[in-house]
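>>> What follows is a protein structure lacking sequence information:
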């Protein structure tokens with residue numbers, strides 16, 4: 001959808017969120033742990049007994065060993081791969097729509113598809129608390145949800161060509177497409193909550209740490225299959241150039257065939273999970289009721305410190321919205337093939353694995369947001385670089401419509417450098433969340449803050465996409481419609497049909513880049529000291545009850 005792609009950041013955020021929860025639990029155990037006391041006769045009570053437990057192998061019970069859990073790990077990995085498929089397909093649609101020259105208003109409407117994962121905290125307490133004991137706490141939601149995903153895919157495969165209008169050349173039915181993929185992503189978010197909960201009881205205590213690995217690897221692999229792999233093999237140009245000896249008008253894969261195949265996979269695999277995989281009884285686990293969970297969230301939000309932090313989180317990404325939501329679509333508009341952009345994500349995978357580890361070394365101290373403040377202007381600068389990249393794209397296009405290897409190298413380098421700023425910001429944010437979250441309700445606390453942070457990226461992206469066409473001014477030159485406006489897709493087509501050429505006088509993308517950059521400068525100047533002040537608040541400022 002953009003540079004960078006929204007799902008890559010979301011996946012990395014989720015991995016860091018799991019690490020943050022583990023840090024909160026560790027701090028909670030440290031507080032609860034008895035201190036070592038030297039008695040009057042010189043004996044060491046709790047400390048020495050704890051040392052004996054380690055010597056006697058007591059802690060070895062928690063040492064990870066895959067023996068006995070290999071099939072469970074593979075099942076979790078497979079479930080997370082399935083989860084990534086609809087997410088990847090949804091991420092490919094904006095590129096397909098852009099290649100069909102739909103309006104940015106339509107792109108903005110479709111961007112609502114990506115909101116459910118940011119809002120899943122709203123329905124998470126219901127999924128965790130309402131279930132059938134006879135069917136299983138997690139399977140009560142997992143099985144029907146995956147059946148529904150499969151059914152939606154099968155149904156959409158029947159009407160895909162019609163709603164995308166790929167057969168008759170008309171504009172895609174953006175409302176049907178958006179509703180269909182919104183439901184797929186909503187169901188995927190429900191499946192995510194169910195699988196996350198099941199992982200805690202499916203794996204033994206010693207191996208529960210593998211759950212976050214399965215999540216990160218599986219969801220990334222699923223997204224790759226549904227996005228990069230699909231866009232590459234759906235492209236006739238890619239298949240004719242790299243795979244086929246005889247050119248054909250269509251790619252190896254089609255949207256209808258891909259949806260049908262994965263719809264069948266969802267239905268069949270869900271049936272196996274339903275009838276073959278048993279679920280251990282975790283009804284004895286202490287879980288807040290639905291109303292209690294929502295009341296806890298409300299009490300957290302009412303804290304003055306949290307309210308200030310939420311204002312910062314909700315507004316922080318507005319400065320990058322134009323560059324990160326529109327730039328990638330502009331490249332496609334100017335002739336860059338969507339599958340080529342998608343394939344550039346492959347060499348980024350090692351970098352995205354290493355960067356959180358490297359950046360976390362600088363965010364592990366008492367002031368993790370210092371890295372956020374250092375990365376913010378750097379990320380703004382990279383946004384300006386994206387705008388320059390869009391500007392030079394038409395100038396680097398060759399006579400045959402392709403681009404030289406040097407151009408793609410420049411795109412890849414820009415993307416890679418931008419990742420450093422992006423990871424510098426949200427790794428520090430996740431570290432700050434882990435530091436301030438109350439260990440007693442750490443999971444709820446961190447998930448709430450992460451939800452607010454994600455929303456801070458969603459609303460600016462939708463807004464800037466909706467305003468691109470309105471801020472663009474283009475005029476039809478020559479032909480019978482000479483002098484008339486042609487900034488909208490239908491106006492451009494009319495101008496072309498009348499024998500004219502649509503000439504862009506002012507591109508709304510650059511107007512938004514100026515607005516976002518100016519906003520970012522003022523935002524950084526206004527909030528820089530306030531962010532530092534939040535870091536200096538005492539621990540009690542972040543607690544629902546004074547400790």
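Noted; the coordinates are in hand. Values in this document were obtained by computation on a predicted structure and should not be read as measured data. Numbering: from 1, shown residues only.

>>> is it true that residue 108 touches residue 462?
Yes - between residue 108 and residue 462 there is a contact under Cβ atoms under 8 Å: 5.4 Å. Just so you know, the C-beta spots here come from the backbone N, C-alpha and C atoms, and that holds for glycine as well.

>>> Quick check: pLDDT value at residue 264.
pLDDT for residue 264: 97.

>>> wait, what's in contact with residue 341?
When contacts are counted by Cβ atoms under 8 Å, 6 or more residues apart in numbering, residue 341 touches 3, 95, 328, 331-332, 411.

>>> Check what pLDDT it gets.
On the pLDDT scale, residue 341 gets 88.

>>> did I read that right, it in a helix?
Yes - counting by DSSP: H, G, I helix; E, B strand; the rest coil, residue 341 is part of a helix.

>>> so how far is residue 435 from the residue lying closest to residue 436 once chain neighbours are set aside?
Spatially, and ignoring its direct neighbours in sequence, residue 436 is nearest to residue 542 (4.3 Å; Cβ to Cβ, 6 or more residues apart in numbering). Using Cβ to Cβ, to the nearest Å, we find residue 542 at a distance of 9 Å from residue 435.

>>> try residue 352
24 Å.

>>> How about residue 409?
Using Cβ to Cβ, residue 409 is found at 39 Å from residue 435.

>>> Show me which of these two is the more surrounded one.
residue 435 (21 against 11; other Cβ atoms under 10 Å).

>>> what sits against the nearest residue to the more buried one once chain neighbours are set aside?
Using Cβ to Cβ, 6+ apart and skipping residues adjacent in sequence, the residue nearest residue 435 is residue 368, 6.5 Å away. Counting by Cβ under 8 Å, 6+ apart, residue 368 touches 428-429, 431-432, 435, 535.

>>> can I get these in a markdown table with distance to residue 222 and secondary structure?
Listed next are the contacts of residue 368 as a markdown table, based on distance: Cβ to Cβ, whole Å; DSSP: H, G, I helix; E, B strand; the rest coil:
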| residue | distance to residue 222 | secondary structure |
| --- | --- | --- |
| 428 | 28 | helix |
| 429 | 25 | helix |
| 431 | 27 | helix |
| 432 | 29 | helix |
| 435 | 32 | helix |
| 535 | 37 | helix |
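
>>> Where does pLDDT dip in this structure?
1-67, 166-170, 281-288, 442-443, 545-547 (pLDDT under 70).

>>> where exactly do the helices run in the stretch 51-200 of the chain?
70-99, 104-110, 116-119, 124-129, 139-164, 174-202 (DSSP state H, counting those that start in this stretch).

>>> How much space separates residue 224 from residue 243?
18 Å.

>>> Those two: who's more crowded?
residue 224 (20 against 11).

>>> Helix or strand: which one has the more buried one?
helix 210-224 (DSSP states H and E).

>>> same question, residue 504
Here residue 504 is assigned to strand 501-506, by DSSP H and E.

>>> which neighbours does that strand have in its sheet, and in what orientation?
strand 473-477 (antiparallel) (DSSP bridges).

>>> Can you tell me how far residue 385 is from residue 373?
20 Å.

>>> next one: residue 507
From residue 507 to residue 373 the distance is 32 Å (Cβ to Cβ).

>>> and what of residue 469?
In terms of Cβ to Cβ, residue 469 sits 35 Å off from residue 373.

>>> Hmm, residue 258 is touching residue 86, no?
No - with contact defined as Cβ under 8 Å, residue 258 does not reach residue 86; the gap is 11.2 Å.

>>> Looking at those two, which one has more neighbours?
A count of neighbours by other Cβ under 10 Å puts residue 86 above the other of residue 258 and residue 86, at 27 against 22.

>>> Count the residues that sit near residue 536.
9.

>>> now do residue 518
By other Cβ under 10 Å, neighbour count at residue 518 equals 11.

>>> host element of it?
helix 508-535.

>>> Just the angle for that helix relative to strand 473-477, thanks.
Angle, helix 508-535 to strand 473-477, by axes from the mean of the first three to the mean of the last three Cα atoms, to 10 degrees: 170 degrees.

>>> Against which helices or strands is helix 508-535 packed?
On a contact count with 3 or more Cβ pairs under 8 Å, 6 or more residues apart in numbering; DSSP states H and E, helix 508-535 meets helix 304-315, helix 321-333, helix 369-396, helix 442-467.

>>> Of those, flag the one that's most buried.
helix 321-333 (a mean of 26; mean count of other Cβ atoms under 10 Å).

>>> quick one: that one to chain centroid distance?
Centroid separation between helix 321-333 and its chain, computed with Cα atoms, centre = their mean, to the nearest Å, is 17 Å.

>>> Mind telling me what element residue 480 is part of?
Short version: residue 480 belongs to no helix or strand, going by DSSP H and E.

>>> Tell me if I'm right that residue 362 and residue 369 touch.
No - using Cβ under 8 Å as the test, residue 362 is too far from residue 369 to be in contact (11.2 Å).

>>> Which residues are in contact with each of those two?
Common neighbours of residue 362 and residue 369 (Cβ under 8 Å, 6+ apart) are residue 428.

>>> any idea how far residue 301 is from residue 220?
Residue 220 is 31 Å from residue 301, by Cβ to Cβ.

>>> which one of the two has more residues nearby?
Neighbours per residue, other Cβ under 10 Å: of residue 220 and residue 301, the larger number sits with residue 220, 22 against 12.

>>> separation between the more buried one and residue 196?
From residue 220 to residue 196 the distance is 16 Å (Cβ to Cβ).

>>> Count residues in the vicinity of residue 85, would you?
27.

>>> got it, and the one 10 residues further on?
As a burial measure, the neighbour count of residue 95 was computed by other Cβ under 10 Å and equals 23.

>>> cool, and residue 91?
27.

>>> Touching, it and residue 227? I think so.
Yes - at 4.8 Å, residue 91 counts as touching residue 227 under the criterion of Cβ under 8 Å.

>>> Nearest spatial neighbour of residue 305, chain-adjacent residues omitted?
Nearest non-adjacent residue to residue 305 (Cβ to Cβ, 6+ apart): residue 541, at 4.5 Å.

>>> is it true that that neighbour lies in a strand?
No - counting by three-state DSSP, residue 541 falls outside a strand, being helix.

>>> Show me what the helix or strand following the helix holding residue 224 is packed up against.
On the C-terminal side of helix 210-224, the closest following helix or strand by DSSP H and E is helix 230-234. If you count contacts as 3+ Cβ pairs under 8 Å, 6+ apart, helix 230-234 packs onto helix 70-99, helix 255-276, helix 338-343.

>>> Out of those helices, which is closest to residue 444?
helix 70-99 (21.8 Å; Cβ to Cβ).

>>> Just the angle for the closest one relative to helix 174-202, thanks.
160 degrees.

>>> Secondary structure element for residue 336, which one?
Assigned by DSSP H and E, residue 336 belongs to no helix or strand.

>>> Counting neighbours, what do you get for the nearest residue to residue 126 once chain neighbours are set aside?
Spatial nearest neighbour of residue 126, excluding adjacent residues (Cβ to Cβ, 6+ apart): residue 290 at 5.8 Å. By the measure other Cβ under 10 Å, the count of residues near residue 290 is 14.

>>> Now do the same contact list for residue 290.
The contact partners of residue 290, by Cβ under 8 Å, 6+ apart, come to 125-126, 129-130.
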